[in-house]
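Q: What follows is a predicted structure for the sequence shown.
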Amino acid sequence: MAYTGKPMSRRGLLRLARWTVFGTTGCLTVSLTYNYFAFRHMGGQALFQGLVSATILPIVLAGPLFFYLTMKLRELAIANHRLSLAASTDSLTESLNRGAFTSAVEAHLDKGASHPRGALLVIDADQFKRINDRFGHDAGDEALREIAAAIREGARTDDLVGRLGGEEFGVYLPNAGDAEAAEIAERIRRTIHACRFAPDGVHWRLSASVGGAVFDRPIEFSELFRIADQRLYRAKMAGRNRVEMIRVGEEDEQPVTRSAAG
């Protein structure tokens, strides 16, 4: 298993050197201790030769061996990390896949159960089937990549972005209040609408509808998604390329904001 990724960082080099030195030193200590007790009754010359051999052999054998084993363990860790990424990432858009996104949001909701606050956005590309029908699925895939990149550009650094399936994406905004969630949703909508997408040299204006639910109480992901998805449906029915947000209260769901392309 050959490593073909990025060069080892300084921290990685220090860790490699530390394990090699510590491992060799441990073997050297054991070897010297054993040979001292084994040869001490044979006299000075035999003891000296025993200690010399106990010093040279661990350095010659253990050093390269620990270096090799440490490198192999590093390669295994990198391979496991790549497998983990592959299992949680949508390969087309480089976003979290639906399962990973759902699990990550549920973990956030559980972690913040004592102080619940945040928002979920559900984003769906408008009239996406027309792109596939006119330009083919390769163009459709490129459009999805453009949309995913625009979503990440519009979201904050710590927000979670996932592809929920087809042309639908989810964005979880931890600790976002009404105004901030609405601002981020509108920024994402504008960023998608500003994408330069020209399949076969034909300029095609991308757009997306956004439904969002802002919460400040304990809530399950399934309920949060249902409410945000209902807002997405309203945005679609109201003409697409717009944002429909709602705040989930203790008893009622109160509208937060509606915005549309000017």
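A: That came through fine. Residues are numbered from 1 along each chain as shown.
Q: Could you tell me how far Lys129 is located from Ser209?
A: Between Lys129 and Ser209 the computed distance is 14 Å (C-beta to C-beta, to the nearest Å). (C-beta placed from N, C-alpha, C; glycine too.)
Q: who's more crowded, those two?
A: Neighbours per residue, other C-beta atoms under 10 Å: of Lys129 and Ser209, the larger number sits with Ser209, 26 against 11.
Q: Next one: that one from Arg240, what distance?
A: 5 Å.
Q: So for these two, which residues contact both of them?
A: Shared contacts of Ser209 and Arg240 (C-beta atoms under 8 Å, 6 or more residues apart in numbering): Asp126.
Q: Which other helices and strands does the helix or strand hosting Glu186 contact?
A: Element membership for Glu186, per DSSP states H and E: helix 178-193. If you count contacts as 3 or more C-beta pairs under 8 Å, 6 or more residues apart in numbering; DSSP states H and E, helix 178-193 packs onto strand 118-125, helix 137-154, strand 168-174, strand 208-215, strand 242-248, strand 253-260.
Q: Serialize the ones you listed to a markdown table and add fields for distance to His108.
A: Listed next are the helices and strands packed on helix 178-193 as a markdown table, based on distance: least, C-beta to C-beta, whole Å:
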| stretch | distance to His108 |
| --- | --- |
| strand 118-125 | 7 |
| helix 137-154 | 18 |
| strand 168-174 | 6 |
| strand 208-215 | 11 |
| strand 242-248 | 15 |
| strand 253-260 | 20 |
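Q: so which of the ones you listed gets nearest Leu232?
A: The closest of the helices and strands packed on helix 178-193 to Leu232 is strand 208-215. By C-beta to C-beta, the value is 2.9 Å.
Q: Many thanks, we can stop here.
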